[in-house]
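need a structure here:
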Amino acid sequence: MIAMAARSLFLAFAFAGLIAQGAWARAGSFQGAWLEEGQVCANVFVAAGKTLVFRRPANAFAAAFIIRGQRLSTPLATCRVSRTSPHGERRVLDLSCTTSIATNTARAVFGPAEDGGLHRYSAAEGGTATKYRLCTPEALKMP
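Okay, the predicted model is just below:
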């Protein structure tokens, strides 16, 4: 259980950077439900009116997050962005995340993808990237 919470907290730290983009993108452009490319939106999210929420019981290992306002949620954690620093096309974010077990701080590095998706980087310079796509209520209807 602690390992699952730690993974969820890590994902929350990694994804929370999308909330505060500054001049990087239009305000609100990262609002919504995001999922690692190659995964199926309907396996992780369900529609709740016009928004998406995590399917319950939540999959602690899903590489997914939801951004609403200045909050970012993963299946097991909730974060707030305390500071954002530009680093070229990337943004380095200082985060404060809470799970049912603990509250901790972390850093995340994000950058825009050419197709409107997002990249999560392992470092502010260089490093490997993981790509995420936006899920919509319409995407839940597709296989």
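
what residue ranges in the protein are flagged as low confidence?
1-30, 143 (pLDDT under 70).

how about the helices in it?
For the chain, applying DSSP state H gives helices covering 2-15.

hmm, residue 52 and residue 135 touching each other?
Yes: using CB atoms under 8 Å, residue 135 is in contact with residue 52, at 6.0 Å. C-beta here means a position set from N, CA and C on the backbone, and glycine is covered the same way.

any shared contact partners between these two?
Both residue 135 and residue 52 are in contact with 32, 33, 41, 45, where contact means CB atoms under 8 Å, 6 or more residues apart in numbering.

if we can go back for a sec, more neighbours: which of residue 135 and residue 52?
Each of residue 135 and residue 52 has its neighbours counted (other CB atoms under 10 Å); residue 52 has more, 24 against 21.

what's near enough to touch that one?
Counting by CB under 8 Å, 6+ apart, residue 52 has contacts 32, 33, 41, 45, 46, 66, 135, 136, 137, 140.

list the contacts of the fifth one.
Counting by CB under 8 Å, 6+ apart, residue 46 touches 52, 53, 54, 55, 140.

how about a cut-off of 10 Å?
Going by CB atoms under 10 Å, 6 or more residues apart in numbering, residue 46 touches 52, 53, 54, 55, 56, 137, 140.

the last one: what's its closest spatial neighbour, skipping adjacent residues?
Pointing back at residue 140 there. Excluding the flanking residues, the one nearest residue 140 by CB to CB, 6 or more residues apart in numbering is residue 42, at 4.7 Å.

my guess is the one you found contacts residue 136, does it?
No: judged on CB atoms under 10 Å, residue 42 makes no contact with residue 136 at a distance of 11.2 Å.
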